[in-house]
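Visitor: Have a look at this fold, sequence not included:
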(Lines give C-alpha, C1' and ligand atoms only; values in the text may rest on other atoms or scores of the structure.)
Protein backbone atom coordinates (compact mmCIF):
# COMPACT_ATOMS: atom_id res chain seq x y z
CA UNK A 1 0.00 0.00 0.00
CA UNK A 2 1.13 3.51 -0.79
CA UNK A 3 -0.57 5.26 2.10
CA UNK A 4 0.36 6.00 5.70
CA UNK A 5 -0.20 3.01 7.95
CA UNK A 6 -0.52 2.89 11.71
CA UNK A 7 -0.56 0.06 14.20
CA UNK A 8 -2.24 -1.07 16.24
CA UNK A 9 -5.58 0.32 15.07
CA UNK A 10 -7.03 -0.11 18.54
CA UNK A 11 -5.31 -0.27 21.90
CA UNK A 12 -6.86 -0.72 25.32
CA UNK A 13 -4.54 -0.03 28.24
CA UNK A 14 -4.98 -0.07 31.97
CA UNK A 15 -4.16 3.16 33.72
CA UNK A 16 -0.45 3.26 34.44
CA UNK A 17 0.58 1.04 31.55
CA UNK A 18 3.05 2.13 28.90
CA UNK A 19 1.98 2.02 25.24
CA UNK A 20 3.80 2.35 21.93
CA UNK A 21 2.08 3.43 18.73
CA UNK A 22 3.70 2.91 15.35
CA UNK A 23 3.52 4.95 12.16
CA UNK A 24 4.80 3.93 8.72
CA UNK A 25 4.82 7.05 6.52
CA UNK A 26 4.66 7.16 2.76
CA UNK A 27 8.02 6.14 1.35
CA UNK A 28 10.18 9.15 0.56
CA UNK A 29 8.24 11.58 2.72
CA UNK A 30 10.65 13.71 4.70
CA UNK A 31 8.19 15.16 7.16
CA UNK A 32 6.17 13.27 9.75
CA UNK A 33 3.59 14.60 12.19
CA UNK A 34 1.73 13.19 15.18
CA UNK A 35 -1.69 14.50 16.20
CA UNK A 36 -4.09 13.76 19.03
CA UNK A 37 -7.80 13.79 18.21
CA UNK A 38 -10.29 13.79 21.04
CA UNK A 39 -13.82 12.61 20.39
CA UNK A 40 -15.78 15.14 18.36
CA UNK A 41 -12.80 17.45 17.96
CA UNK A 42 -10.29 18.24 15.26
CA UNK A 43 -6.74 16.91 15.51
CA UNK A 44 -4.31 18.75 17.78
CA UNK A 45 -0.62 18.96 16.86
CA UNK A 46 1.77 16.94 19.02
CA UNK A 47 5.14 16.81 17.29
CA UNK A 48 6.96 17.17 13.96
CA UNK A 49 9.95 15.34 12.46
CA UNK A 50 12.04 16.24 9.47
CA UNK A 51 13.85 13.02 8.63
CA UNK A 52 15.13 11.75 11.98
CA UNK A 53 15.25 15.18 13.60
CA UNK A 54 12.43 16.13 15.93
CA UNK A 55 12.10 19.81 15.09
CA UNK A 56 9.04 20.61 17.16
CA UNK A 57 7.62 18.81 20.17
CA UNK A 58 5.73 21.76 21.56
CA UNK A 59 2.38 19.97 21.39
CA UNK A 60 3.30 17.00 23.57
CA UNK A 61 1.02 17.37 26.60
CA UNK A 62 3.45 16.07 29.20
CA UNK A 63 6.82 14.43 29.68
CA UNK A 64 5.02 11.09 29.63
CA UNK A 65 4.80 11.47 25.85
CA UNK A 66 7.85 10.66 23.78
CA UNK A 67 8.26 10.29 20.02
CA UNK A 68 11.13 9.06 17.92
CA UNK A 69 12.03 8.45 14.30
CA UNK A 70 15.54 7.04 14.53
CA UNK A 71 16.14 6.21 10.88
CA UNK A 72 14.00 8.90 9.33
CA UNK A 73 11.18 6.61 8.26
CA UNK A 74 9.10 4.66 10.81
CA UNK A 75 8.09 6.62 13.89
CA UNK A 76 6.93 5.53 17.32
CA UNK A 77 4.88 7.54 19.79
CA UNK A 78 5.30 6.25 23.32
CA UNK A 79 3.08 7.15 26.23
CA UNK A 80 4.31 6.21 29.67
CA UNK A 81 2.09 5.64 32.70
CA UNK A 82 -1.08 6.20 30.69
CA UNK A 83 -3.91 8.21 32.22
CA UNK A 84 -7.60 8.26 31.32
CA UNK A 85 -7.23 11.69 29.74
CA UNK A 86 -4.84 10.13 27.21
CA UNK A 87 -7.78 8.31 25.62
CA UNK A 88 -8.03 9.63 22.06
CA UNK A 89 -7.27 8.79 18.47
CA UNK A 90 -3.62 9.33 17.61
CA UNK A 91 -3.11 10.28 13.98
CA UNK A 92 0.13 10.20 12.07
CA UNK A 93 0.64 12.20 8.86
CA UNK A 94 3.49 12.53 6.41
CA UNK A 95 4.35 14.96 3.65
CA UNK A 96 7.10 15.37 1.09
CA UNK A 97 8.48 18.34 2.99
CA UNK A 98 7.17 20.26 5.94
CA UNK A 99 5.75 23.47 4.59
CA UNK A 100 2.02 24.01 4.28
CA UNK A 101 2.01 23.93 0.48
CA UNK A 102 2.59 20.21 0.73
CA UNK A 103 -0.41 18.11 1.60
CA UNK A 104 -0.18 16.03 4.73
CA UNK A 105 -1.42 12.50 4.15
CA UNK A 106 -2.99 10.96 7.20
CA UNK A 107 -3.01 7.41 8.46
CA UNK A 108 -6.17 5.77 9.82
CA UNK A 109 -5.17 6.47 13.41
CA UNK A 110 -4.78 4.41 16.56
CA UNK A 111 -7.71 4.60 18.96
CA UNK A 112 -6.32 4.44 22.50
CA UNK A 113 -8.66 3.72 25.37
CA UNK A 114 -7.26 3.94 28.88
CA UNK A 115 -9.37 2.21 31.52
CA UNK B 1 -7.41 29.45 21.78
CA UNK B 2 -9.11 27.70 18.88
CA UNK B 3 -8.42 29.78 15.79
CA UNK B 4 -10.79 27.87 13.48
CA UNK B 5 -14.51 27.70 14.17
CA UNK B 6 -16.94 25.61 12.13
CA UNK B 7 -20.69 25.56 11.89
CA UNK B 8 -22.99 23.82 12.11
CA UNK B 9 -21.62 21.14 14.42
CA UNK B 10 -23.71 18.56 12.61
CA UNK B 11 -26.41 18.33 9.99
CA UNK B 12 -28.65 15.75 8.39
CA UNK B 13 -29.69 16.01 4.74
CA UNK B 14 -31.61 13.86 2.32
CA UNK B 15 -29.80 12.18 -0.53
CA UNK B 16 -29.69 14.42 -3.58
CA UNK B 17 -29.97 17.67 -1.64
CA UNK B 18 -27.31 20.36 -1.30
CA UNK B 19 -25.70 21.72 1.84
CA UNK B 20 -23.17 24.37 2.85
CA UNK B 21 -20.71 24.21 5.71
CA UNK B 22 -19.10 27.30 7.24
CA UNK B 23 -15.63 28.02 8.58
CA UNK B 24 -14.39 31.19 10.30
CA UNK B 25 -10.75 31.59 11.23
CA UNK B 26 -8.47 34.04 12.97
CA UNK B 27 -5.14 32.50 11.90
CA UNK B 28 -2.78 35.25 10.80
CA UNK B 29 -0.73 35.67 8.72
CA UNK B 30 -2.63 33.32 6.47
CA UNK B 31 -0.98 30.80 4.18
CA UNK B 32 -3.68 28.49 2.91
CA UNK B 33 -6.95 26.80 3.83
CA UNK B 34 -7.88 23.21 3.19
CA UNK B 35 -11.09 21.29 3.60
CA UNK B 36 -10.61 17.69 4.68
CA UNK B 37 -13.11 14.84 4.66
CA UNK B 38 -12.81 12.32 7.47
CA UNK B 39 -14.78 9.11 7.21
CA UNK B 40 -15.53 7.29 10.45
CA UNK B 41 -12.48 5.37 11.61
CA UNK B 42 -10.25 6.83 8.91
CA UNK B 43 -7.72 9.64 8.69
CA UNK B 44 -8.64 12.96 7.07
CA UNK B 45 -8.29 13.29 3.29
CA UNK B 46 -7.77 16.66 1.60
CA UNK B 47 -10.59 17.84 -0.68
CA UNK B 48 -9.48 21.34 -1.66
CA UNK B 49 -6.74 23.84 -0.96
CA UNK B 50 -6.99 27.61 -1.44
CA UNK B 51 -4.38 30.30 -1.05
CA UNK B 52 -4.95 33.99 -0.32
CA UNK B 53 -5.57 34.91 -3.95
CA UNK B 54 -8.09 32.16 -4.67
CA UNK B 55 -11.74 32.59 -3.80
CA UNK B 56 -13.21 29.38 -5.15
CA UNK B 57 -12.05 25.85 -5.82
CA UNK B 58 -14.01 22.81 -6.95
CA UNK B 59 -13.43 19.10 -6.64
CA UNK B 60 -16.28 17.20 -8.26
CA UNK B 61 -19.44 17.90 -6.27
CA UNK B 62 -17.48 19.82 -3.63
CA UNK B 63 -16.99 23.57 -4.04
CA UNK B 64 -15.04 25.62 -1.54
CA UNK B 65 -15.05 29.41 -1.29
CA UNK B 66 -12.71 31.72 0.54
CA UNK B 67 -13.07 35.34 1.59
CA UNK B 68 -9.67 36.25 2.96
CA UNK B 69 -10.84 39.72 3.95
CA UNK B 70 -13.54 38.47 6.29
CA UNK B 71 -11.60 35.25 7.06
CA UNK B 72 -14.47 33.02 6.12
CA UNK B 73 -14.70 29.90 4.02
CA UNK B 74 -17.52 27.62 2.99
CA UNK B 75 -17.79 24.14 1.55
CA UNK B 76 -20.79 23.42 -0.64
CA UNK B 77 -21.81 19.85 -1.37
CA UNK B 78 -24.02 19.46 -4.42
CA UNK B 79 -26.42 16.58 -5.02
CA UNK B 80 -25.35 14.74 -1.88
CA UNK B 81 -24.75 11.00 -1.89
CA UNK B 82 -24.78 8.50 0.94
CA UNK B 83 -20.98 8.32 0.67
CA UNK B 84 -20.76 11.99 1.60
CA UNK B 85 -21.63 11.05 5.19
CA UNK B 86 -18.48 12.05 7.08
CA UNK B 87 -16.89 14.78 9.15
CA UNK B 88 -15.65 17.79 7.19
CA UNK B 89 -12.77 19.63 8.76
CA UNK B 90 -11.54 23.13 7.91
CA UNK B 91 -7.76 23.43 8.28
CA UNK B 92 -5.84 26.69 8.14
CA UNK B 93 -2.07 27.08 7.98
CA UNK B 94 -0.10 30.04 9.21
CA UNK B 95 2.46 31.68 6.98
CA UNK B 96 5.86 32.08 8.51
CA UNK B 97 9.44 31.06 8.12
CA UNK B 98 10.17 27.80 9.86
CA UNK B 99 6.79 27.00 11.26
CA UNK B 100 4.30 27.09 8.40
CA UNK B 101 3.94 23.34 8.75
CA UNK B 102 1.64 23.94 11.70
CA UNK B 103 -2.01 23.44 10.94
CA UNK B 104 -4.99 24.74 12.88
CA UNK B 105 -7.95 22.38 12.69
CA UNK B 106 -11.59 23.13 13.23
CA UNK B 107 -13.69 20.70 15.23
CA UNK B 108 -15.45 19.57 12.06
CA UNK B 109 -19.03 19.39 10.84
CA UNK B 110 -20.58 15.94 10.87
CA UNK B 111 -22.73 15.43 7.79
CA UNK B 112 -25.22 12.57 7.66
CA UNK B 113 -26.88 11.85 4.32
CA UNK B 114 -30.08 9.80 4.50
CA UNK B 115 -31.81 7.96 1.71
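Guide: That came in fine, so what should we check first? Because the structure is a prediction, the values reported are computed rather than measured.

Visitor: For chain A, which residues are neighbours of chain B?
Guide: Residues of chain A found near chain B (CB under 8 Å from any CB of the partner chain) are A:4, A:31, A:33, A:40-45, A:48, A:56, A:91, A:93, A:95, A:98-101, A:103-109. In this view, the C-beta of every residue, glycine as well, is placed from N, C-alpha and C.

Visitor: what does chain B have sitting close to chain A?
Guide: With CB under 8 Å from any CB as the criterion, chain B meets chain A at residues B:4, B:31-32, B:34, B:41-46, B:49, B:89, B:91, B:93-95, B:99-103, B:105-108.

Visitor: In strands only, show me the residues you listed.
Guide: Counting by DSSP state E, the residues of chain B next to chain A place B:4, B:31-32, B:34, B:45-46, B:49, B:89, B:91, B:93-94, B:103, B:105 in strands.

Visitor: what's the farthest-apart pair in these?
Guide: Taking CB to CB, the two most distant members of these are B:45 and B:94; they sit 21.9 Å apart.

Visitor: The two: which is more packed in?
Guide: Neighbour totals were compared for residue B:45 and residue B:94, and residue B:94 leads with 18 against 14 (other CB atoms under 10 Å in any protein chain shown).

Visitor: Surely that one touches residue B:30?
Guide: Yes: with contact defined as CB atoms under 8 Å, residue B:94 reaches residue B:30; the gap is 7.2 Å.

Visitor: Describe which strands the helix or strand bottoming out on mean pLDDT in chain B pairs with in its sheet and in which direction.
Guide: Lowest by mean pLDDT, DSSP states H and E among the helices and strands of chain B is strand B:103-105, with a mean of 89. According to DSSP bridges, strand B:103-105 has the following sheet partners: strand B:86-94 (antiparallel).

Visitor: Please compute how far the strand it pairs with lies from its chain's middle.
Guide: Distance of strand B:86-94 from its chain centroid, counting by CA atoms, centre = their mean, to the nearest Å, is 5 Å.

Visitor: Repeat that for stretch A:33-50.
Guide: The answer for stretch A:33-50 is 7 Å, by CA atoms, centre = their mean.

Visitor: Check stretch B:28-40 too.
Guide: Computed by CA atoms, centre = their mean, the chain-centroid distance of stretch B:28-40 equals 6 Å.

Visitor: outside of the least confident helix or strand of chain B, which residues touch it?
Guide: Identification of contacts with strand B:103-105 by CB atoms under 8 Å, 6 or more residues apart in numbering or on different chains yields A:42-45, A:100, A:104, B:2-4, B:25, B:27, B:89-94.

Visitor: first to last residue in stretch B:94-109, what's the distance?
Guide: Distance between the two ends of stretch B:94-109: 22 Å, counting by CA to CA, to the nearest Å.

Visitor: Ignore what I typed, I meant stretch A:41-59.
Guide: 16 Å.

Visitor: average pLDDT for it?
Guide: Mean pLDDT, stretch A:41-59: 92.

Visitor: just stretch B:40-51 next, same as before
Guide: The average pLDDT within stretch B:40-51 is 91.

Visitor: buried set for it?
Guide: When neighbours are counted by 16 or more other CB atoms under 10 Å in any protein chain shown, the buried residues of stretch B:40-51 are found to be B:43-44, B:46-51.

Visitor: cool, and stretch A:37-56?
Guide: Neighbour-count burial for stretch A:37-56 flags A:37, A:41-50, A:54, A:56 (criterion: 16+ other CB under 10 Å).

Visitor: Output those residues as JSON lines; include the columns distance to residue B:72 and secondary structure.
Guide: JSON lines is the format used below for the buried residues of stretch A:37-56 (distance: CB to CB, whole Å; DSSP: H, G, I helix; E, B strand; the rest coil):
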{"residue": "A:37", "distance to residue B:72": "24", "secondary structure": "strand"}
{"residue": "A:41", "distance to residue B:72": "21", "secondary structure": "coil"}
{"residue": "A:42", "distance to residue B:72": "17", "secondary structure": "coil"}
{"residue": "A:43", "distance to residue B:72": "22", "secondary structure": "coil"}
{"residue": "A:44", "distance to residue B:72": "23", "secondary structure": "strand"}
{"residue": "A:45", "distance to residue B:72": "23", "secondary structure": "strand"}
{"residue": "A:46", "distance to residue B:72": "28", "secondary structure": "strand"}
{"residue": "A:47", "distance to residue B:72": "31", "secondary structure": "strand"}
{"residue": "A:48", "distance to residue B:72": "28", "secondary structure": "strand"}
{"residue": "A:49", "distance to residue B:72": "33", "secondary structure": "strand"}
{"residue": "A:50", "distance to residue B:72": "33", "secondary structure": "strand"}
{"residue": "A:54", "distance to residue B:72": "35", "secondary structure": "strand"}
{"residue": "A:56", "distance to residue B:72": "29", "secondary structure": "strand"}
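
Visitor: All good on my end, thank you.
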